[in-house]
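Student: give me coordinates for this.
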Amino acid sequence: MPSAIIHCVRHAQGFHNLGTEFHALRDPRLTPAGEEQCAALQAAHFPGDAQRRISLITASPLTRTLHTAYLTFQPLLDPSHSDHVKSTNTPTTPRPNILALPDAQETSDFPCDTGSDPTTLAASVSRSSWPVDLSLLHPSWTEKGLTTRYSPHAAAIKSRARATRQLLRQKARELVAAGVEKPEIVLVTHGGFLHYFTGDWEGASRGLGTGWANCETRAYEFEGGIEVDAEDEDEDEARIVETRESRRKRGVEHAMPGWEEQVGLEEETMVGWESRGLQRPDRIGEGWEWKSGAALGGDDAATEKEKEGNMVAAKAREVDGAEVEAEANKGEELERGVGVKVQA
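Tutor: The predicted structure is shown next:
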């Protein structure tokens, strides 16, 4: 039975991860520490010679996810990279660009979780020389009102998470038809969205907003393979389960909880987030106290803080490399405490 591996990756540290004062930044960039996290991810999980197995790279179209994808998989994507030949010597495997998936964007409507308009993004991608396919983007991909496809309500998030799984399953089928025996596909996305995409809520309530660390990666397979009977309910859901090897690598010996158990874990997560003053996506727009992140102000001040943070990080790199590593670890800890807070 044909199968495929989906490598899910959470983006590296962005400036919005450094504190709530940075949430006003529209589509923030990676911090210098975040760029170093990408190098560490590549070395640990996707070294140059291992990237030959990757058939398709996809990512949320936000700047931090595209940049994470490019830096991590640069040996595969950049012909001038010293490891490019090592990573591209399998002629039967198509060489990918980064396919931007608007459905894989982050869940909230805060500025930091809202992308750039297609024209601005195209110019930025061109300037950075990132090989990104933006053909799936449309002008409304940045519209996150409650009645839109990209609403922060849980029902809308689950709908586009399911659509993303369906799309990746179809891509896997096409790769198998083209002669790739077991396709390996990468999805670089966001901490909140990953719980909806994977359907896995185990450990999500340990942090505020996500149970994934910056640049964490986990591997999944489609439940029942990529060819499912059209009458099977999973044909629509396209469910995925984390591989045993992936769980062992992160110190988890038991299998991923079943779908009935996940319902309870999701509810526990929502209660936990609410108790910490976070939005409950499942109750947005249902009479509960909620203020749209679109009203968050202070973009100019946040931009100045971003510049200041860049300068501080660069100085730290020059003075002591150990300090940079400590800052990266600090960023991961901070991110576990970053959430979308209810506004009074």
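
Student: give me the low-pLDDT residue ranges for the stretch 201-344 of the chain?
Tutor: Applying pLDDT under 70 to the stretch 201-344 of the chain flags residues 208, 228-234, 286-344.

Student: change it to 50
Tutor: Within the stretch 201-344 of the chain, the set of residues satisfying pLDDT under 50 comprises 289, 298, 312-344.

Student: which parts of it are helices?
Tutor: Using DSSP state H, counting those that start in this stretch, the helices of the stretch 201-344 of the chain run over 234-237, 244-249, 259-275, 299-319, 321-335.

Student: and the second one, how far out from the chain's middle?
Tutor: Okay, so that is helix 244-249. The chain centroid and the centroid of helix 244-249 are separated by 19 Å, computed with CA atoms, centre = their mean, to the nearest Å.

Student: do stretch 219-229 as well
Tutor: Offset of stretch 219-229 from its chain centre (CA atoms, centre = their mean): 21 Å.

Student: specify the beta-bridge partners of the residue nearest the centre of the chain.
Tutor: Computing the C-alpha centroid of the chain and ranking residues by CA atoms, centre = their mean puts Thr189 first, at 1.2 Å. Judged by DSSP bridges, the bridge partners of Thr189 are Arg10.

Student: right, and it touches Ala104 too?
Tutor: Yes. Between Thr189 and Ala104 there is a contact under CB atoms under 8 Å: 4.6 Å. Heads up, the C-betas are built off the backbone N, CA and C, glycines and all.

Student: which neighbours do the two share?
Tutor: Common neighbours of Thr189 and Ala104 (criterion: CB atoms under 8 Å, 6 or more residues apart in numbering): Ala59, Ser60, Thr65, Phe197.

Student: filter the residues you listed down to just the ones in strands.
Tutor: Among the shared contacts of Thr189 and Ala104, DSSP state E puts Ala59 in strands.

Student: could you dump the shared contacts of Thr189 and Ala104 to a markdown table with neighbour count?
Tutor: Shown next, in a markdown table, are the shared contacts of Thr189 and Ala104 (neighbours: other CB atoms under 10 Å):
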| residue | neighbour count |
| --- | --- |
| Ala59 | 27 |
| Ser60 | 26 |
| Thr65 | 30 |
| Phe197 | 25 |
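
Student: list just the nearest of the shared contacts of Thr189 and Ala104 to Gln13.
Tutor: Here the nearest of the shared contacts of Thr189 and Ala104 to Gln13, counting by CB to CB, is Thr65; it sits at 12.3 Å.

Student: what's the distance between that closest one and Ala155?
Tutor: Remark: distance between Thr65 and Ala155 (CB to CB, to the nearest Å) = 23 Å.

Student: for Leu66, same thing?
Tutor: Distance of Leu66 to Ala155, given as CB to CB: 27 Å.

Student: with Trp259 instead?
Tutor: 17 Å.

Student: strands of the stretch 101-250 of the chain, start to end?
Tutor: 132-133, 184-189, 217-222, 240-242 (DSSP state E, counting those that start in this stretch).

Student: of all those, which one is nearest Ala43?
Tutor: Nearest of these (CB to CB): strand 217-222, 12.4 Å.

Student: just give the strands next to the closest one in its sheet, each with its orientation.
Tutor: strand 5-10 (antiparallel), strand 240-242 (antiparallel).

Student: pick the most buried one from those.
Tutor: Each of the strands paired with strand 217-222 was scored by mean neighbour count; the highest is strand 5-10, a mean of 24, by mean count of other CB atoms under 10 Å.

Student: contact partners of it?
Tutor: 41, 46, 54, 68-69, 72, 168, 182-191, 194, 197-198, 210, 212-222, 240, 243.
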